[in-house]
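> With the input below, show me the fold.
(chains A and B)
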Amino acid sequence: MKLRPNRSSVILRLTVFACAFILAAASFCMSAGKRPVQAASSVLNIYNWGQYISDGTDGYVDVIAEFEAEYPDIRINYMTFDSNETMYTKLKTDPAAFDLIIPSDYMIEKLIREDMLAELNFDNIPNYQYIDDSFKNTSYDPENKYSVPYTWGNVGMIYNSRYVNEEDATGWELLWNPTYAGKILMFDNPRDAFAIAELELGYSLNTEDEAELLEATQKLIEQKNLVQAYVMDQVFDKMERSEAWIAPYYAGDYLLMAEENPDLEFYFPEEGFNLFIDACCVPKQARNQEAAELFINFLCRPDICGENLEYLGYSVPISEAKEYMDPELTESEIAYPPEEILALGESYNALSDHGNQRMNELWLSVKTTDDVLGRYIIITVAAIVVCIILWLFFKFRRKIRKKRRGTY
Amino acid sequence: MKNSTFSRKRRWLSAPYVIWMLLFTIIPLCIVIYYAFTDSVTGAFTLSNIGGILDYATIFLRSIWLSVAATLICLVVGYPVAYAISQMKPNMQRLLQLLIMLPMCMSFLLRTLAWVALLEDTGILNNVITALGLSPLPLIRNSGAVILGMVYNYLPYMILPLYSAISKINPRLIEAAEDLGCNKTRTFTKVILPLSIPGILSGITMVFVPAVSTFYISQKLGSPGTVMVGDIIESQFKGAYNPNLGAAMSLILMILIFLCIGVTNKVTANDSEEVAN
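The predicted structure is shown next:
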């Protein structure tokens, strides 16, 4: 009976084969439909923040498609990261994986220090002339050798005015307000999270002082019970659907969120905030530096820059690009805060290696510190004891029974 | 025996798997051990990664407890289902087996995200509850939600081995027990349960091991207070760039898993031997 293959299993096998065949055929057709296979040198690997380029949604420009149309022999392979630290880890593990990266200022400084960036050939980037002078000779790249600014912006507080009392919305302390426990989001990367705690305590966001860092750690542990989740780009989803009500995030992203949920409000905490520049760089071991430079040049073209950043909501480092943007955005005080607010901003410096390591350790202790260890130990010990008692009980009962049987 | 010469001749058949295991299990394991015992900056031999694990005792205990709870629930829920299926007509059995495997055809991540959409404060269930005029319930971001996510994701891995163990029990043994005067309960406890112990064991292993090292479920369905070992290991490799601590944690977790499984096997094996006696 067993030897005869039963009918349903034959049918099942045939179905599996058929599926596999269709899949293979489909993938072959799809790859054949694409442009002919090209030499490795014409593939441009870009590694950028998530939701950080205009991709053609809502009728905005599709930057990548436009570029590929203009340079048909370059094919773009676009990948995203969710924090500077993730990008760094990936680049460290595979230094030749990307031709173009767009990290933030302090990460660029760190990469330069570790000799991981290539010097750019500005002959390929004539549009660099459009970059505003205030974004040249920056502290992270003083000689303008390694980077071309992509956007700039600030970190601020976003809150849902429908649920959060206007009077509570002052400074960073809103993030420690127990009234909103479980509705507060926090950055899921040590640099941004520590900066907020340090500013709230009145310290510099570049501090490496052990006592100040420990105090900030304590402050973050205090906050942990109130935090719904540590997030990066998930913030969009959670804030737009009012699943969370309070989040510190980048001002440019707030403008995007507010379009989806008009209840969202924004302010710059008076204790100060991070002011950042994200810039295009080419890793030292990039395989296709020239294509990367062409792409950087393309991004700096005022019309492309304007349309791209209008979609992003982040601030432009090219004044000429503003002509191509909605005046409502270029006059927004959130994207382009007035001087007196900008003066409160502070940019990140690259920490020393020791400082980075210490911050990672402390961040891990924020995430893992718990006051329930005692409870867990008691439960564990109790469970083990109960198991042993039960086991002994059954063993004993069996022995007694055997004895009884023996006496019959 | 005839069988042994047969197996000796055909031993080379296992070569592909042996090579596979060597390349993708043994060598990576050696790399994990190497990382676990070296310093992240200097690369020198150190015990500090392993020694530092004690700081994370809470996280380890929590991971173990949440997965023990999930495994027990899977067993309690899965056993009756497996038993019921094994009693049905062959066609029905095949259909139900397929239905149990059906969720496994969908991405694990999507299945977990679907639970988020259901349980959230602004999710489907709470929307229904508030529409009925009741106050919303805290369904998500607690240990219960994490356990629920594990049970949902790993239940098939419990039912399938149980089902195959139970359906292999020779029906004559059950008939014999009934002929000798056992009632239904005693037939179950004296014949069916002991004979299905191999299925229970592999079910427990197949649920507990992935559950204890899971990292996505607790991130999505849990809160910052329900962080599990998997989450911490992931963060060490992804953002913190400290693979050494991550490797040390993986190593300890592996040892703990082997201990747990070893104890379970030992205890149950003893029991079943004694029952057989």
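> Residue A:140 - that's part of a helix, no?
No. Going by DSSP: H, G, I helix; E, B strand; the rest coil, the assignment for residue A:140 is coil, not a helix.
> Give me the phi and psi for it.
Backbone torsions of residue A:140, given as degrees, to the nearest 10, read phi -80, psi -30.
> now the residue at the greatest distance from the centre of chain B: how far from residue B:51?
Distance to the chain centre peaks in chain B at residue B:133, reaching 39.0 Å (criterion: C-alpha atoms, centre = their mean). Counting by C-beta to C-beta, to the nearest Å, the gap between residue B:133 and residue B:51 amounts to 56 Å. The way it works is simple: take the backbone N, C-alpha and C, and place the C-beta from them, glycine included.
> What is the lengthiest helix in chain B packed up against?
Using DSSP state H to define each element, chain B has its longest helix at helix B:243-276. Helix B:243-276 is packed against helix A:373-407, helix B:27-36, helix B:48-51, helix B:57-86, helix B:193-195, helix B:197-212, helix B:229-238, with contacts defined by 3 or more C-beta pairs under 8 Å, 6 or more residues apart in numbering or on different chains; DSSP states H and E.
> Can you name every helix or strand that the last one contacts?
In other words, helix B:229-238. Using 3+ C-beta pairs under 8 Å, 6+ apart, helix B:229-238 sits against helix A:84-93, helix A:353-368, helix B:57-86, helix B:216-221, helix B:243-276.
> What residues does the stretch 301-408 of chain A have near chain B?
A:353, A:357, A:360, A:363-365, A:367-368, A:370, A:372-373, A:376-377, A:379-380, A:391, A:394-395, A:398 (C-beta under 8 Å from any C-beta of the partner chain).
> Out of these, which end up buried?
Buried subset of these (neighbour count, 16 or more other C-beta atoms under 10 Å in any protein chain shown): A:357, A:360, A:363, A:364, A:367, A:368, A:370, A:376.
> Using CSV, please lay out the residues you listed together with distance to residue B:230.
Listed next are those as CSV, based on distance: C-beta to C-beta, whole Å:
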residue, distance to residue B:230
A:357, 23
A:360, 18
A:363, 17
A:364, 14
A:367, 13
A:368, 13
A:370, 16
A:376, 17
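> Select, from those residues, the two members most distant in space.
Farthest pair in those (C-beta to C-beta) is A:357 and A:376. Separation: 28.8 Å.
> residue contacts, the closest residue to residue B:231 other than its chain neighbours?
With sequence-adjacent residues excluded and distances taken as C-beta to C-beta, 6 or more residues apart in numbering or on different chains, residue B:231 is closest to residue B:215, at 4.8 Å. The contact partners of residue B:215, taken as C-beta atoms under 8 Å, 6 or more residues apart in numbering or on different chains, are B:228, B:230, B:231, B:233, B:234.
> which strand is the longest one in chain A?
strand A:148-160 (DSSP state E).
> Tabulate the CA atom coordinates of that strand in CSV.
Output of strand A:148-160 as CSV, limited to C-alpha atoms (Å, rounded to 0.1, in the frame of the first residue of the first chain):
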residue,chain,number,x,y,z
VAL,A,148,29.0,68.2,-1.2
PRO,A,149,26.0,69.3,1.0
TYR,A,150,22.7,67.6,0.2
THR,A,151,20.4,69.1,2.8
TRP,A,152,20.5,70.7,6.1
GLY,A,153,18.0,70.9,9.0
ASN,A,154,17.2,70.8,12.6
VAL,A,155,15.9,68.4,15.2
GLY,A,156,12.7,69.6,17.0
MET,A,157,9.7,68.4,18.9
ILE,A,158,6.6,67.1,17.1
TYR,A,159,3.4,66.7,19.0
ASN,A,160,-0.3,66.0,18.3
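> and the next element down the chain from that strand?
strand A:184-187 (DSSP states H and E).
> Number of residues surrounding residue A:361?
17 (other C-beta atoms under 10 Å in any protein chain shown).
> helix/strand/coil for residue B:136?
With three-state DSSP as the basis, the three-state label of residue B:136 is coil.
> Might one say that it is in contact with residue B:124?
No. Here residue B:136 does not reach residue B:124: they are 11.7 Å apart, not a contact under C-beta atoms under 8 Å.
> Of the two, give the one with the bigger neighbour count.
More crowded of residue B:136 and residue B:124, by other C-beta under 10 Å: residue B:136, with 15 against 12.
> Helix, strand or coil: sort out the closest residue to the more buried one other than its chain neighbours for me.
Leaving aside its chain neighbours, residue B:136 sits nearest to residue B:126 (4.3 Å; criterion: C-beta to C-beta, 6+ apart). Secondary structure state of residue B:126, per three-state DSSP, is helix.
> So residue A:67 lies in a helix, does it not?
Yes. Secondary structure of residue A:67 (three-state DSSP): part of a helix.
> I figured residue A:111 hits residue A:104, correct?
No. Between residue A:111 and residue A:104 there is no contact under C-beta under 8 Å: 10.7 Å.
> Give me the neighbour count for residue 173.
Since no chain was named, I'll use chain A. For residue A:173, using other C-beta under 10 Å, the count is 12.
> you looked at the wrong chain, it should be chain B
14.
> Could you grab the helix/strand/coil label for the residue nearest to residue A:356 when sequence neighbours are not counted?
Counting by C-beta to C-beta, 6+ apart, residue A:356 lies nearest to residue A:110, which is 7.8 Å off, once chain neighbours are set aside. At residue A:110, secondary structure determined by three-state DSSP is helix.
> Give me the distance between residue A:110 and residue B:160.
Separation of residue A:110 from residue B:160 (C-beta to C-beta): 50 Å.
> how far does the longest strand of chain A sit from the chain's center?
13 Å (C-alpha atoms, centre = their mean, to the nearest Å).
> I'd like the mean pLDDT over that strand, please.
For strand A:148-160, mean pLDDT is 95.
> Alright, calling it a day.
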